[in-house]
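Asker: one predicted model, sequence on top.
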Amino acid sequence: MGVRIRKDYYDDGKIKGIYYLKDELLHRFNNKPAAIIYFKNGKVRRKDYCIENKYYREKGPVSLRYYNNGQVREKIYSKNSSTIFNRNIGPAYQLFYKNGIKKRIMFIIDGSYHNENGPAIITYDVNGKIDTEDYYLSGVLYETKEKWQLKLRNKKIKKINEK
(Lines give C-alpha, C1' and ligand atoms only; values in the text may rest on other atoms or scores of the structure.)
Protein backbone atom coordinates (compact mmCIF):
# COMPACT_ATOMS: atom_id res chain seq x y z
CA MET A 1 0.00 0.00 0.00
CA GLY A 2 1.28 3.46 -0.83
CA VAL A 3 1.52 6.57 1.27
CA ARG A 4 -1.69 8.48 1.87
CA ILE A 5 -2.02 12.10 2.94
CA ARG A 6 -4.24 13.07 5.86
CA LYS A 7 -5.11 16.73 6.46
CA ASP A 8 -6.57 18.18 9.64
CA TYR A 9 -8.24 21.59 9.83
CA TYR A 10 -9.06 24.17 12.49
CA ASP A 11 -12.74 24.98 13.01
CA ASP A 12 -12.35 28.06 10.80
CA GLY A 13 -11.18 25.89 7.87
CA LYS A 14 -7.47 26.76 8.06
CA ILE A 15 -5.01 23.91 7.74
CA LYS A 16 -3.90 22.45 11.11
CA GLY A 17 -1.73 19.58 9.96
CA ILE A 18 -0.60 17.47 7.02
CA TYR A 19 0.44 13.89 7.69
CA TYR A 20 2.00 11.38 5.28
CA LEU A 21 0.97 7.91 6.37
CA LYS A 22 1.82 4.37 5.35
CA ASP A 23 -0.21 1.73 7.19
CA GLU A 24 -1.26 4.55 9.56
CA LEU A 25 2.38 5.28 10.51
CA LEU A 26 4.11 8.58 9.76
CA HIS A 27 6.24 7.82 6.74
CA ARG A 28 7.98 9.90 4.09
CA PHE A 29 11.23 9.50 2.15
CA ASN A 30 13.55 11.88 0.29
CA ASN A 31 14.38 14.18 3.19
CA LYS A 32 10.82 15.51 3.36
CA PRO A 33 8.74 15.90 6.53
CA ALA A 34 6.15 13.22 7.33
CA ALA A 35 4.19 15.63 9.54
CA ILE A 36 3.73 19.38 9.18
CA ILE A 37 1.70 21.11 11.86
CA TYR A 38 0.54 24.72 11.58
CA PHE A 39 -0.37 27.57 13.90
CA LYS A 40 -3.78 29.18 13.38
CA ASN A 41 -1.99 32.10 11.68
CA GLY A 42 -0.89 29.69 8.90
CA LYS A 43 2.79 29.58 9.85
CA VAL A 44 4.49 26.24 10.40
CA ARG A 45 4.54 25.14 14.04
CA ARG A 46 6.45 21.87 13.62
CA LYS A 47 7.99 19.53 11.04
CA ASP A 48 8.79 15.92 11.87
CA TYR A 49 10.82 13.63 9.61
CA CYS A 50 9.84 9.98 10.04
CA ILE A 51 10.00 6.61 8.38
CA GLU A 52 7.57 4.02 9.73
CA ASN A 53 6.72 6.31 12.66
CA LYS A 54 10.35 6.60 13.81
CA TYR A 55 12.34 9.79 13.61
CA TYR A 56 14.71 9.57 10.68
CA ARG A 57 16.56 11.96 8.41
CA GLU A 58 19.77 11.52 6.42
CA LYS A 59 20.95 15.10 6.93
CA GLY A 60 19.57 17.76 9.21
CA PRO A 61 17.30 17.73 12.23
CA VAL A 62 14.56 15.10 12.58
CA SER A 63 12.25 17.65 14.16
CA LEU A 64 11.98 21.40 13.72
CA ARG A 65 9.74 23.47 15.97
CA TYR A 66 8.90 27.10 15.37
CA TYR A 67 7.61 30.19 17.13
CA ASN A 68 4.39 31.68 15.74
CA ASN A 69 6.47 34.39 14.06
CA GLY A 70 8.17 31.73 11.87
CA GLN A 71 11.50 31.78 13.73
CA VAL A 72 13.01 28.36 14.60
CA ARG A 73 12.46 27.51 18.28
CA GLU A 74 14.06 24.04 18.43
CA LYS A 75 16.17 21.73 16.31
CA ILE A 76 16.23 18.11 17.35
CA TYR A 77 18.65 15.57 15.87
CA SER A 78 18.89 11.80 15.96
CA LYS A 79 21.60 9.56 14.54
CA ASN A 80 19.19 6.65 14.22
CA SER A 81 15.49 6.05 14.18
CA SER A 82 15.19 4.52 17.64
CA THR A 83 16.11 7.46 19.85
CA ILE A 84 15.46 11.16 19.62
CA PHE A 85 18.18 13.49 20.98
CA ASN A 86 21.04 11.42 19.66
CA ARG A 87 23.88 12.66 17.50
CA ASN A 88 27.55 11.73 17.17
CA ILE A 89 28.75 14.98 15.59
CA GLY A 90 27.36 18.28 16.80
CA PRO A 91 24.61 19.06 19.27
CA ALA A 92 21.57 16.76 19.41
CA TYR A 93 19.32 19.56 20.66
CA GLN A 94 19.30 23.29 20.02
CA LEU A 95 16.89 25.77 21.57
CA PHE A 96 16.61 29.35 20.33
CA TYR A 97 15.18 32.60 21.67
CA LYS A 98 12.35 34.13 19.67
CA ASN A 99 14.88 36.54 18.09
CA GLY A 100 16.91 33.62 16.65
CA ILE A 101 19.79 33.72 19.15
CA LYS A 102 20.79 30.35 20.64
CA LYS A 103 19.41 29.73 24.11
CA ARG A 104 20.73 26.22 24.84
CA ILE A 105 22.60 23.45 23.05
CA MET A 106 23.02 19.89 24.27
CA PHE A 107 25.32 17.12 23.08
CA ILE A 108 23.72 13.71 23.61
CA ILE A 109 24.94 10.30 22.51
CA ASP A 110 22.98 7.10 23.18
CA GLY A 111 20.69 8.93 25.61
CA SER A 112 23.48 10.45 27.75
CA TYR A 113 25.00 13.90 27.84
CA HIS A 114 28.44 13.51 26.31
CA ASN A 115 31.01 15.71 24.61
CA GLU A 116 34.73 15.08 24.37
CA ASN A 117 35.35 18.42 22.63
CA GLY A 118 33.86 20.81 25.17
CA PRO A 119 30.80 21.29 27.35
CA ALA A 120 27.85 18.96 26.74
CA ILE A 121 25.31 21.59 27.77
CA ILE A 122 25.74 25.27 27.01
CA THR A 123 23.20 27.96 27.90
CA TYR A 124 23.26 31.47 26.51
CA ASP A 125 21.77 34.75 27.65
CA VAL A 126 19.44 36.78 25.41
CA ASN A 127 22.43 38.52 23.83
CA GLY A 128 24.12 35.26 22.81
CA LYS A 129 26.79 35.35 25.53
CA ILE A 130 27.57 32.02 27.20
CA ASP A 131 25.84 31.86 30.57
CA THR A 132 26.66 28.33 31.79
CA GLU A 133 28.71 25.35 30.60
CA ASP A 134 28.25 21.83 31.94
CA TYR A 135 30.85 19.17 31.20
CA TYR A 136 29.72 15.57 30.82
CA LEU A 137 31.20 12.27 29.68
CA SER A 138 28.84 9.31 29.24
CA GLY A 139 26.15 10.98 31.36
CA VAL A 140 28.46 11.87 34.25
CA LEU A 141 28.58 15.57 35.19
CA TYR A 142 32.00 16.93 36.16
CA GLU A 143 32.05 19.77 38.69
CA THR A 144 34.76 21.68 36.85
CA LYS A 145 36.26 21.87 33.39
CA GLU A 146 39.57 20.76 34.89
CA LYS A 147 38.08 17.54 36.35
CA TRP A 148 36.45 16.82 32.98
CA GLN A 149 39.78 17.37 31.18
CA LEU A 150 41.58 15.06 33.61
CA LYS A 151 39.01 12.29 33.10
CA LEU A 152 39.22 12.76 29.33
CA ARG A 153 43.04 12.53 29.40
CA ASN A 154 42.88 9.38 31.53
CA LYS A 155 40.32 7.87 29.15
CA LYS A 156 42.56 8.55 26.14
CA ILE A 157 45.64 7.15 27.91
CA LYS A 158 43.69 4.00 28.81
CA LYS A 159 42.67 3.55 25.14
CA ILE A 160 46.31 3.91 24.02
CA ASN A 161 47.49 1.38 26.62
CA GLU A 162 44.82 -1.13 25.52
CA LYS A 163 46.22 -1.20 21.96
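Answerer: Looks like it came in fine.

Asker: now for the chain, the helix or strand with the poorest mean pLDDT.
Answerer: The helix or strand of the chain with the poorest confidence is helix 145-162; it has a mean of 85 (mean pLDDT, DSSP states H and E).

Asker: list the buried ones in that helix?
Answerer: 148, 152 (16 or more other Cβ atoms under 10 Å). Glycine gets a C-beta too; all of them are placed from N, C-alpha and C.

Asker: which other residues reach it?
Answerer: 116, 119, 133, 135-137, 142 (Cβ atoms under 8 Å, 6 or more residues apart in numbering).

Asker: what does the closest residue to Gly100 other than its chain neighbours show for phi and psi?
Answerer: Nearest-residue entry for Gly100: Gln71, 5.4 Å, with adjacent residues in sequence omitted and distances by Cβ to Cβ, 6 or more residues apart in numbering. When read as degrees, to the nearest 10, the backbone of Gln71 gives phi -70, psi 140.

Asker: contacting residues for the residue nearest the centre of the chain?
Answerer: Closest residue to the average C-alpha location of the chain: Ile76 at 1.3 Å, with Cα atoms, centre = their mean. Shown in contact with Ile76 (Cβ under 8 Å, 6+ apart): 55, 61-65, 84-85, 92-93.

Asker: so it versus Tyr97, what's the distance?
Answerer: 17 Å (Cβ to Cβ, to the nearest Å).

Asker: ok, Pro91 - contacts?
Answerer: Each residue near Pro91 by Cβ under 8 Å, 6+ apart is listed here: 77, 105-107.

Asker: Arg57 contacts Asn31, correct?
Answerer: Yes: counting by Cβ atoms under 8 Å, Asn31 is a contact partner of Arg57 at 6.4 Å.

Asker: what touches both of these two?
Answerer: Each of Tyr49 lies in contact with both Arg57 and Asn31 under the rule Cβ under 8 Å, 6+ apart.

Asker: more crowded one of these two?
Answerer: Arg57 (19 against 11; other Cβ atoms under 10 Å).
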